[in-house]
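J.: The sequence and its predicted three-dimensional model are supplied below.
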Amino acid sequence: MNIIVISEGIRKGQPASLSHWHLTALLTALLLLSALLGVLTYRTQALLDPQGESAALSAQKKELIKQRATVFAARREAHVHLNALAQRLGSLQAQVLRLNALGSRLTRMAGLDAREFNFEQLPAMGGPERTASAGQSPEVVKSLERLSFEIDRSQERLTALESLLLDRRLNTAVTPSGWPVEGGWVSSSFGLRADPFTGHQSMHEGMDIASRLGSSILAMGDGVITWAADKVGYGLAVEITHESGLITRYAHTSVVSVKVGDRVARGQEIARVGSSGRSTGPHLHFEVVRDGRAVNPAHYLQQAGALGQVARNTR
């Protein structure tokens, strides 16, 4: 094999010849160089990604997948618990709203100061701050359970109180009380007195309230009209039978505004002041009958004008 070597300086080629042995040595060197490069490449890959480390990395990836699954399951379980707590809190909030409404209604019924018993505002609270540790989440659940129990008990108590107040309000409505005329003054009391016509001592079974002719006569309590006509000795009279069993009688009227069978409410006009029947002048003869006997009406009468105020409060 002949090789011509050209010198750059003289621009003239010089022949060189390589023997078979030289060619073999050159090829061998090239093969060795290729093998060396292959070994270096393999070692480099082995260093960068050794088989043992690949296995460990694969194991870590599997462990990471398991941990992710565990975290996902825990997150899902926590989400379920949070939903349950949210539903419980929603239920408690609804109960609190009902209790607030009930408390406001009871405040109005009992005539309490709405500024002092304001159920629409949070109750006043205070005290030094004590930070709870993060590991007390079960106490939150226990606190919610205790709160729910207390709300249930409070609701039962308020409901019972409402029933008592309603019963008291109903009893107040059907029990005669107040003042049966507009203005007026007591001209003759209940009990023994000298009869204004004969002068003899006699039993006066009611109370006379002198008032202006034509003044309104008001029902002393809720009830049913059981008499609305002339009555011997009483003139034109009205009788109301109340659910409490009492009967109130209004006599010597000039005009009757109701009829038998009518239901009347406390404070409603039923007649006008007159002087009909056995009377010496315009006045109202007022009686209260209990178990068939006349009783002193002073126990049921209040000062003039009180009836109107009571009537407004019970509406």
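T.: Now that the structure is in, tell me what you want to look at.
J.: contacts, neighbours, all on C-alpha from now
T.: Will do.
J.: What about the nearest residue to S211 once chain neighbours are set aside, how many residues nearby?
T.: Using Cα to Cα, 6 or more residues apart in numbering and skipping residues adjacent in sequence, the residue nearest S211 is G184, 4.4 Å away. Here the count is done by other Cα atoms under 10 Å, and G184 has 19 residues near it.
J.: Now for G184: which residues touch it?
T.: 209-212, 304 (Cα atoms under 8 Å, 6 or more residues apart in numbering).
J.: And R212, by the same measure?
T.: Residues in contact with R212, defined by Cα under 8 Å, 6+ apart, are 184, 273, 282-283.
J.: okay, the residue nearest to Q95 when sequence neighbours are not counted: pLDDT?
T.: Leaving aside its chain neighbours, Q95 sits nearest to I151 (7.4 Å; criterion: Cα to Cα, 6+ apart). The model reports I151 with a pLDDT of 70.
J.: Quick one: neighbours of I151, just the number.
T.: By other Cα under 10 Å, 16 other residues sit near I151.
J.: Repeat that for D291.
T.: The number of residues packed around D291, counting by other Cα under 10 Å, is 9.
J.: and if you look at the one 5 residues further on?
T.: The local packing count at N296 equals 20, with neighbours defined by other Cα under 10 Å.
J.: thought it was touching T248?
T.: No. Using Cα atoms under 8 Å, N296 is not in contact with T248; the gap is 11.5 Å.
J.: any idea how far L218 is from the residue lying closest to L284 once chain neighbours are set aside?
T.: With Cα to Cα, 6+ apart as the criterion, L284 has its nearest non-adjacent residue at 5.1 Å, and that residue is I209. Counting by Cα to Cα, to the nearest Å, the gap from I209 to L218 is 13 Å.
J.: Quick check: beta-bridge partners of E239?
T.: In this structure, E239 has the following beta-bridge partners (DSSP bridges): W227, R249.
J.: burial of it, as a residue count?
T.: E239: 24 surrounding residues under other Cα under 10 Å.
J.: Would you confirm that it contacts D230?
T.: No. When contacts are counted by Cα under 8 Å, E239 is not listed as touching D230 (11.0 Å).
J.: sorry, back to before: give the residues shared as contacts by N296 and T248.
T.: Looking at what touches both N296 and T248 (by Cα under 8 Å, 6+ apart), the common residues are 287-288.
J.: Alpha carbons only: can I get whichever helix or strand R193 is part of in CSV?
T.: Under the assignment given by DSSP states H and E, the secondary-structure element containing R193 is strand 191-194. Taking Å, rounded to 0.1, in the frame of the first residue of the first chain, the C-alpha atoms of strand 191-194 are listed here in CSV:
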residue,chain,number,x,y,z
GLY,A,191,-121.9,45.8,100.3
LEU,A,192,-124.5,47.1,102.8
ARG,A,193,-125.8,50.6,102.1
ALA,A,194,-128.9,52.8,102.5
